[in-house]
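[1] Got a sequence here, can you model it:
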Amino acid sequence: MRKVLYTITIIVLLVVFAFSAFQVVNYVVESKRQAEKFDDLAQIKQEAMQNAATEPAKPEQPEETTGQAEDATEPTGETEETEPQMLPQYAALYEMNSDIVGWLTIPNTRVDYPVMQTPDRPNYYLERNFEKNFSAQGCLYAREEADIQKPSDNITIYGHNMLNGSMLAALHSYIDKEKWEENNLIFFDTLYEYHVYEIFAVFKTSASLGKGFAYHKLIDAESEEAFNEYIATCKELAFYDTGITPVYGDKLICLSTCEYTLENGRLVVAAVRIT
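    Residues are numbered from 1 along each chain as shown. Okay, the predicted model is just below:
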């Protein structure tokens, strides 16, 4: 009987080990595959931008005249609004997946990814890749209520804290002020415009209901007082003082990823738009 139990125990341990090994190998393979896909998207973006830069400008067409100046329409003083022109590098990616709303880059880190948004399907890209297939890494994605183009006063962008250092894992390096001093700029392009943000606060909090700071709840401030209170809380929780205090009317982004020293913890890097 003892021998039988011993044999069963060994079998169970072997099965557990084999399953664990499979999970590790699958994680490594999947991580590599996703990294290659994001590299491909970055390459498509770069090539589209280069192609647009080398395309010859279209010659201006001469205006047609009828010879009847007296019939010309009188100017009304109103200008006709035109649709914004999508940047060529993002137009190429938009054709592949219309959920893309921008691109996030933090120099000297691995953060160089498209940002997705699905207003009617919150957290859709939590475990989906750019092709909408299952992926443990998911994609970076913006909070569903935020207006990216307007933009809203604050846009929260979520991303996993991956063990291999991908997605938003690099945010943890900003816990040390030396990293902020080395580089405190974040580049977040919309589909139509280039923008640069400056980090003003790095903090951690709990996402458990009623236990932490609901940084993601600010979309558009109800008042100047509400905005200032939000900024004060960010700075109060911050690991260090950056000397930067956004003012009412400024536009913010909050990059959010998992943090493991708190229950349901989140690490947040908050930045204010400077261009």
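
[2] Now do the SS call for C234.
    State at C234, reduced to three classes by DSSP: H, G, I helix; E, B strand; the rest coil: helix.

[3] In terms of helices and strands, where is the closest residue to it other than its chain neighbours?
    Taking C-beta to C-beta, 6 or more residues apart in numbering as the measure, C234 lies nearest to A201, with 4.2 Å between them; neighbours along the chain are not counted. Backbone N, C-alpha and C define where each C-beta goes, glycine included. Taking DSSP states H and E as the definition, A201 sits inside strand 196-206.

[4] Give the buried residues for that strand.
    Across strand 196-206, burial judged by 16 or more other C-beta atoms under 10 Å covers Y197, E198, I199, F200, A201, V202, F203, K204, T205.

[5] now, which of these sits nearest Y174?
    When those are ranked by distance to Y174 (C-beta to C-beta), V202 comes first, at 4.7 Å.

[6] contacting residues for that closest one?
    Listed by C-beta atoms under 8 Å, 6 or more residues apart in numbering, the contact partners of V202 are L171, Y174, I175, W180, A238, F239, Y240, L267, V268, V269, A270.

[7] how far away is it from L104?
    The gap separating V202 from L104 is 16 Å, by C-beta to C-beta, to the nearest Å.

[8] which among the contacts of V202 end up buried?
    The neighbour-count test (16+ other C-beta under 10 Å) marks L171, Y174, I175, W180, A238, L267, V268, V269, A270 as buried among the contacts of V202.

[9] So the last one lies in a strand, does it not?
    Yep, that's A270 we're talking about. Yes: under three-state DSSP, A270 sits within a strand.

[10] residues in contact with the residue lying closest to it once chain neighbours are set aside?
    Beyond its immediate neighbours in the sequence, the residue positioned closest to A270 (C-beta to C-beta, 6+ apart) is A201, lying 4.5 Å away. Contact criterion C-beta under 8 Å, 6+ apart gives C234, K235, L237, A238, T242, V268, V269, A270 as the residues in contact with A201.

[11] same question, Y230
    Y230 makes contact with N154, Y215, L218, A221 under the criterion C-beta under 8 Å, 6+ apart.

[12] can you rerun that using 6 Å?
    Neighbouring residues of Y230 by C-beta atoms under 6 Å, 6 or more residues apart in numbering: L218.

[13] how about it, secondary structure?
    Assigned with three-state DSSP, Y230 falls in the helix class.

[14] Same question for I253.
    Here I253 takes the strand state, with states given by three-state DSSP.

[15] do the same with F187
    In the three-state summary, F187 is assigned as strand, counting by three-state DSSP.

[16] Surely it and T105 touch.
    Yes: counting by C-beta atoms under 6 Å, a contact exists between F187 and T105, whose distance comes to 4.3 Å.

[17] quick revisit: show me how far the strand holding A201 is from its chain's centre.
    If you compare the mean C-alpha spot of strand 196-206 with that of the full chain, they lie 14 Å apart, counting by C-alpha atoms, centre = their mean, to the nearest Å.

[18] do stretch 35-47 as well
    For stretch 35-47, the separation from the chain centroid amounts to 16 Å (computed by C-alpha atoms, centre = their mean).

[19] Any buried residues in it, and which?
    When neighbours are counted by 16+ other C-beta under 10 Å, the buried residues of stretch 35-47 are found to be K37, F38, L41, A42, K45.

[20] now those as CSV including secondary structure?
    Compiled in CSV, the buried residues of stretch 35-47 are given as follows (three-state DSSP):
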residue, secondary structure
K37, helix
F38, helix
L41, helix
A42, helix
K45, helix
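
[21] Show me which of these is closest to G165.
    Once C-beta to C-beta is applied, the member of the buried residues of stretch 35-47 that ends up nearest G165 is F38, at 13.0 Å.
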